[in-house]
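Visitor: Quick one, structure for this:
(2 chains)
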Protein chains: 2
Amino acid sequence: MSAGSGPDASEGVASESEVHRIPAGEGRAFRLYAGQTVELMLPKGPQVADTWAFKGGDLAEFLSTEHTRSCLDRLTPRVGDAFFSNRRNPMLTIVRDTTPGRHDLLLSACDIARYTLLGHGGYHANCVDNLGSGLADLGLEVPEIPSPVNIFENVSIDAEGGLHIEPPQVEAGQYIALRAEMDLVLVVSACPMDIVLTNGADRRPKPIDVTIRAAGPASG
Amino acid sequence: MSAGSGPDASEGVASESEVHRIPAGEGRAFRLYAGQTVELMLPKGPQVADTWAFKGGDLAEFLSTEHTRSCLDRLTPRVGDAFFSNRRNPMLTIVRDTTPGRHDLLLSACDIARYTLLGHGGYHANCVDNLGSGLADLGLEVPEIPSPVNIFENVSIDAEGGLHIEPPQVEAGQYIALRAEMDLVLVVSACPMDIVLTNGADRRPKPIDVTIRAAGPASG
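Guide: Presented below is the predicted three-dimensional model:
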């Protein structure tokens, strides 16, 4: 590891505390070391954060929604629970959540086909392309798109198994904090959806503030 | 297409009607042409069929549980609904289901790590290895393991989002019939689980009969 001890001594590695604003509708990738904590905060109100995690140095191991459900016997992790990889290893643990805890692990990331099916003509920004560009900024690419964790997405299930996307139950300033359980690459897309209610009743994409905090006792 | 008109004229291609018994705990792969129908029937009672589908000639397109949920806005397809690919194309449509329709798209396929976590020492047959061996019999392999469709698996969701594996609500002789919407490779694993209730209260893996019927009006 090449991380220095000063606040800005590292190259692409989180120092004591870094804040990155992801503009509305865009995506970014971040390298995290085991023990570091990442906070996803909504400065402007309801917004979904499509989120992926890949093991540092072995992108073939990645956060898997179906393995997370199988390891936890739950639809959605709670504070203290981890998100697990496709090798059943814990990758990210929820250490704090100031929202009501509505997050989605059921729905696919939006892609250009999704917008076409919704009636949009021509290109539309989308979370799958944001994943690709975020990874490309780090010189990385992946052959397949894992099922995302749609942080802050509010999907209700009715008695017949129907799924309904409703506005996020999140207010400006609320956040979720995740601790990396291994070195990993985290990708976060501020979902560009502006047709259905994914990003709130205003159907307006908003930014996400990503704060990365150093490992150790001071980060708790 | 090289399929002959006689009942056994083809090589590895379904003719008028073929029946294959998958032994308890094993897996098999089958090539299907668009329009053919495949029936999965349980000759000996409750048993889960972990099922995958890959596009013929392009294994990078495959049945995706998250895209199926997103395309249908449902947890589980019903008769008349299709299972969709990771490119949002319909792959398999449920044309008949003589069971109560409890099938799972939430849980991961069992792998050796799953049995180790359940306390089993040493090797245990598992659906991920059955996927690999089934594909290998056709000279194929895939880099990643898609989330399976666990046909006949009975997973209940409680009010807090907890998931509970219960015995399948299926009797001997019941079946589900799926129509291929594209040329594809279907892989079915008669899940070897003998520790939890996946395969019934007897915790005993059982065989699955796979019948492939020709396309055309007579197959309806």
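Visitor: Can you pull the residues of chain A lying near chain B?
Guide: A:60, A:64-67, A:69-71, A:73-76, A:86-88, A:106-108, A:111, A:113-114, A:117, A:143-145, A:147, A:157, A:161-164 (Cβ under 8 Å from any Cβ of the partner chain). For the C-beta atoms, the positions are set from N, CA and C on the backbone; glycine is no exception.
Visitor: Quick one, which of those are buried?
Guide: Neighbour-count burial (16 or more other Cβ atoms under 10 Å in any protein chain shown) applied to the residues of chain A next to chain B gives A:64-67, A:69-71, A:74-76, A:86, A:88, A:106-108, A:111, A:113-114, A:145, A:147, A:161, A:163.
Visitor: Leaving out chain neighbours, which residue sits closest to the residue nearest the centre of chain A?
Guide: For chain A, A:Thr51 is the residue whose C-alpha lies nearest the centre (Cα atoms, centre = their mean; 2.2 Å). Of all residues not flanking A:Thr51 in the chain, A:Val149 sits nearest, at 4.6 Å (Cβ to Cβ, 6 or more residues apart in numbering or on different chains).
Visitor: Quick one: residues contacting that neighbour.
Guide: For A:Val149, the contact set (Cβ atoms under 8 Å, 6 or more residues apart in numbering or on different chains) comprises A:50-52, A:63, A:65, A:83, A:103-105.
Visitor: go again using 10 Å as the cut-off
Guide: A:49-53, A:63-65, A:68, A:76-77, A:83, A:92, A:103-105, A:178, A:188 (Cβ atoms under 10 Å, 6 or more residues apart in numbering or on different chains).
Visitor: Which ones among these lie within strands?
Guide: The strands, defined by DSSP state E, take in A:49-53, A:83, A:92, A:178, A:188 from the contacts of A:Val149.
Visitor: so which of the residues you listed comes closest to chain B?
Guide: Among the ones in strands among the contacts of A:Val149, A:Asp50 lies closest to chain B (Cβ to the nearest Cβ), at 11.6 Å.
Visitor: Low-confidence regions, chain A specifically.
Guide: For chain A, the stretches with pLDDT under 70 are A:1-15, A:216-220.
Visitor: Which residue ranges of it form strands?
Guide: Using DSSP E, strands in chain A cover A:17-22, A:27-32, A:37-41, A:49-55, A:58-62, A:82-84, A:90-97, A:149-151, A:154-157, A:163-166, A:175-180, A:184-190, A:208-213.
Visitor: Now distance to B:Ala215 too, for those, in TSV please.
Guide: Below are these laid out as TSV (distance: least, Cβ to Cβ, whole Å):
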stretch	distance to B:Ala215
strand A:17-22	49
strand A:27-32	43
strand A:37-41	49
strand A:49-55	39
strand A:58-62	37
strand A:82-84	41
strand A:90-97	44
strand A:149-151	38
strand A:154-157	36
strand A:163-166	32
strand A:175-180	49
strand A:184-190	41
strand A:208-213	49
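Visitor: Now do the contacts for the closest residue to A:Leu118 other than its chain neighbours.
Guide: Distances taken as Cβ to Cβ, 6+ apart put A:Ile195 closest to A:Leu118, at 5.0 Å, once the chain neighbours are dropped. Residues in contact with A:Ile195, defined by Cβ under 10 Å, 6+ apart, are A:110, A:114-115, A:118-120, A:124, A:203.
Visitor: what's the answer for A:Gly200, then?
Guide: A:42, A:44-48, A:152, A:154, A:166-168, A:170, A:206.
Visitor: quick one: which of the residues you listed has the most company?
Guide: A:Val48 (31 neighbours; other Cβ atoms under 10 Å in any protein chain shown).
Visitor: any idea how far the nearest residue to A:Ala125 once chain neighbours are set aside lies from chain B?
Guide: Excluding its sequence neighbours, the residue lying closest to A:Ala125 (Cβ to Cβ, 6+ apart) is A:Pro192, at 3.9 Å. Distance of A:Pro192 to chain B, computed by Cβ to the nearest Cβ, to the nearest Å: 16 Å.
Visitor: A:Pro192: neighbour count?
Guide: 23.
Visitor: What are the buried residues along the longest helix belonging to chain A?
Guide: Across chain A, the longest stretch assigned as helix under DSSP state H is helix A:127-137. The neighbour-count criterion (16+ other Cβ under 10 Å) identifies A:127-135 as the buried residues of helix A:127-137.
Visitor: Tell me the helices and strands packed up against that helix.
Guide: Contacts defined by 3 or more Cβ pairs under 10 Å, 6 or more residues apart in numbering or on different chains; DSSP states H and E place helix A:127-137 against strand A:27-32, strand A:49-55, helix A:112-117, strand A:184-190.
Visitor: Restricted to helices, list the residues of chain A next to chain B.
Guide: The helices, defined by DSSP H, take in A:65-67, A:69-71, A:113-114, A:117 from the residues of chain A next to chain B.
Visitor: among those residues, which two are most distant?
Guide: A:Cys71 and A:Leu117 (32.3 Å; Cβ to Cβ).
Visitor: Give me the distance between A:Glu144 and A:Ala60.
Guide: The span separating A:Glu144 from A:Ala60 equals 10 Å under the rule Cβ to Cβ, to the nearest Å.
Visitor: tell me, what's touching these two both at once?
Guide: Joint contacts of A:Glu144 and A:Ala60 (Cβ under 10 Å, 6+ apart) are B:143-144.
Visitor: excluding its backbone neighbours, what's nearest A:Tyr33?
Guide: Nearest non-adjacent residue to A:Tyr33 (Cβ to Cβ, 6+ apart): A:Asp183, at 5.3 Å.
Visitor: A:Ser156: how many residues sit nearby?
Guide: 11.
Visitor: so it sits right up against A:Leu75, yeah?
Guide: No. Using Cβ atoms under 10 Å, A:Ser156 makes no contact with A:Leu75, being 11.5 Å away.
Visitor: which residues do those two both contact?
Guide: Residues touching both A:Ser156 and A:Leu75 by Cβ under 10 Å, 6+ apart: A:Asp104.
Visitor: In contact with A:Ile112, which residues?
Guide: So A:Ile112 contacts A:120, A:122-126, A:128-129, B:88 (Cβ under 10 Å, 6+ apart).
Visitor: What of A:Val188?
Guide: Contacts of A:Val188 (Cβ under 10 Å, 6+ apart): A:20, A:22, A:26-30, A:38, A:40, A:49-53, A:127, A:130-131, A:134, A:148-149, A:151, A:208, A:210.
Visitor: Perfect, I'm done here.
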